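Chemist: need a structure here:
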Amino acid sequence: MKRRDLADLLLLAALWGASFLFMRVAAPQFGAFSLMGLRTGIGAAVLLPFVLRAAGGAELRANAARIAWVGLVNSALPFVMFGYAMQHLSAGFTSILNATTPFWGAIAAYLWLGERLGRLRVIGLLIGFCGVLVLVWGRNGLEGDGSLLPILAALVATASYGFAAVATKKHLGDVGALTGAAGSQLFAALMLLPFAIAWWPATPPDGWAWLSAVLIGVLCTGIAYVLFFRLISRVGSSRAIAVTFLIPVFGMFWGAVFLGEAVSASMLAGAATILFGTALTTGLLDSRRWASVSRAGSGPTGKPRSGT
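Modeler: Residues are numbered from 1 along each chain as shown. Next comes the predicted model:
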């Protein structure tokens with residue numbers, strides 16, 4: 001991976017990790033529907049010019065129904081679930097739960113597409129969910145602080161992300177990735193609009209909440225998607241998925257620095273367990289995969305090819 005690509009990867013992880021910081025600041029004042037209506041609307045406004053410049057408008061119109069369906073499960077539903085969860089959970093804690101998304105994607109691919117779950121992937125799933133139990137036990141089982149429902153909401157959000165990834169592969173495989181991303185934000189914004197209006201906060205949010213809402217739309221949705229697809233085009237999806245492992249690091253870091261959130265031993269243990277399970281589930285620790293990558297990256301003389 002080149003320095004430019006590594007820089008994009010770190011920036012993307014920092015932005016998506018910061019989304020939990022911004023949600024933690026804005027969600028208690030805006031509420032889930034209003035905040036996520038703003039997020040998707042702003043995200044669509046940032047992304048659509050890139051699509052139109054690439055002559056993707058016709059593609060968006062031709063596939064509107066399919067893109068709208070993906071927008072529901074990839075943006076509208078999970079965003080609202082996270083918006084509710086972030087009114088009760090810390091930024092770092094929720095960013096760790098977000099790392100369970102690949103588990104749900106593997107389960108969805110098995111149930112929906114009939115993809116085989118190998119032994120390593122099954123072990124990874126079991127280890128990952130053990131990590132979730134460590135988090136829940138550390139926060140709920142001993143303290144009894146009533147945060148189980150927000151945790152379940154966050155897990156519903158990650159499950160929705162996982163199933164959305166399979167839905168995208170199944171229904172939008174012939175649609176440009178950036179077109180699908182921009183369209184999904186647009187249709188999610190339209191879906192959330194009536195709810196955002198109905199539940200608009202009676203007390204005006206303060207300046208920090210507004211700033212957080214704008215930043216999560218511009219940086220963490222619009223610009224982050226552009227970075228993500230640029231990274232995929234340069235290094236491939238298998239390497240781009242490494243961002244999953246960095247998001248909790250930045251999520252905990254931003255929460256600790258700007259919100260004074262404590263990072264407990266159970267959070268670190270749960271994060272390590274979940275990320276290890278994620279590595280197994282996504283195949284990053286599969287020696288056969290790395291052997292094939294090594295062979296693919298070598299020319300006839302066994303020397304690495306340039307331009308990787």
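
Chemist: which residues touch L77?
Modeler: 156-157, 160 (C-beta atoms under 8 Å, 6 or more residues apart in numbering). In this view, the C-beta of every residue, glycine as well, is placed from N, C-alpha and C.

Chemist: mind checking which of those residues land in strands?
Modeler: If you go by DSSP state E, the contacts of L77 have nothing in strands.

Chemist: identify, from the residues you listed, the entry nearest to M81.
Modeler: Nearest to M81 among the contacts of L77 is A157, at 3.8 Å by C-beta to C-beta.

Chemist: buried residues in the helix or strand harbouring L231?
Modeler: Per DSSP states H and E: L231 is located in helix 224-235. For helix 224-235, the neighbour count (16 or more other C-beta atoms under 10 Å) marks 224-231, 235 as buried.

Chemist: what's in contact with that helix?
Modeler: Here helix 224-235 makes contact (C-beta under 8 Å, 6+ apart) with 1-2, 5, 8-9, 11-12, 15-16, 19, 43, 47, 50, 177-178, 181-182, 240, 243.

Chemist: next one: stretch 148-156
Modeler: 77-78, 81-82, 84-85, 87-89, 94, 97-98, 100, 132, 135-136, 139-140.

Chemist: switch to 7 Å and redo it
Modeler: For stretch 148-156, the external contacting residues (C-beta atoms under 7 Å, 6 or more residues apart in numbering) are 81-82, 84-85, 88-89, 94, 97, 100, 136, 140.

Chemist: now stretch 13-25
Modeler: 82-83, 86, 90-91, 94-95, 208-209, 212, 215-216, 219-220, 223-224, 243, 246-247, 249-251, 254-255, 258-259.

Chemist: can you pull out the helices in the stretch 1-150 of the chain?
Modeler: Assigned by DSSP state H, counting those that start in this stretch, the stretch 1-150 of the chain shows helices spanning 3-30, 32-53, 57-62, 64-71, 77-85, 91-98, 101-108, 119-136, 148-171.

Chemist: among those, which comes closest to L285?
Modeler: helix 119-136 (7.3 Å).

Chemist: now A271: which helix or strand?
Modeler: Taking DSSP H and E as the criterion, A271 maps to helix 265-281.

Chemist: which among the contacts of helix 224-235 count as buried?
Modeler: 5, 8-9, 11-12, 15-16, 19, 43, 47, 50, 178, 181-182, 240, 243.

Chemist: what's the closest of those residues to A32?
Modeler: Nearest to A32 among the buried ones among the contacts of helix 224-235: S19, at 14.2 Å, using C-beta to C-beta.

Chemist: if we can go back for a sec, how far out from the middle of the chain is the helix holding A271?
Modeler: Mean-position distance between helix 265-281 and its chain equals 16 Å (C-alpha atoms, centre = their mean, to the nearest Å).

Chemist: check stretch 150-167 too.
Modeler: Relative to its chain's centre, stretch 150-167 lies at 9 Å (C-alpha atoms, centre = their mean).

Chemist: buried ones in that stretch, by neighbour count?
Modeler: Judged by neighbour count using 16+ other C-beta under 10 Å, the buried positions of stretch 150-167 are 150-151, 153-167.

Chemist: over to stretch 196-209?
Modeler: The neighbour-count check on stretch 196-209 (16+ other C-beta under 10 Å) flags 196, 199, 205, 209 as buried.

Chemist: got these as CSV, with pLDDT and secondary structure columns?
Modeler: What follows is the buried residues of stretch 196-209, written out as CSV (pLDDT from 0 to 100; DSSP: H, G, I helix; E, B strand; the rest coil):
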residue, pLDDT, secondary structure
A196, 98, helix
W199, 97, coil
P205, 98, coil
A209, 98, helix
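
Chemist: perfect, that will be all.
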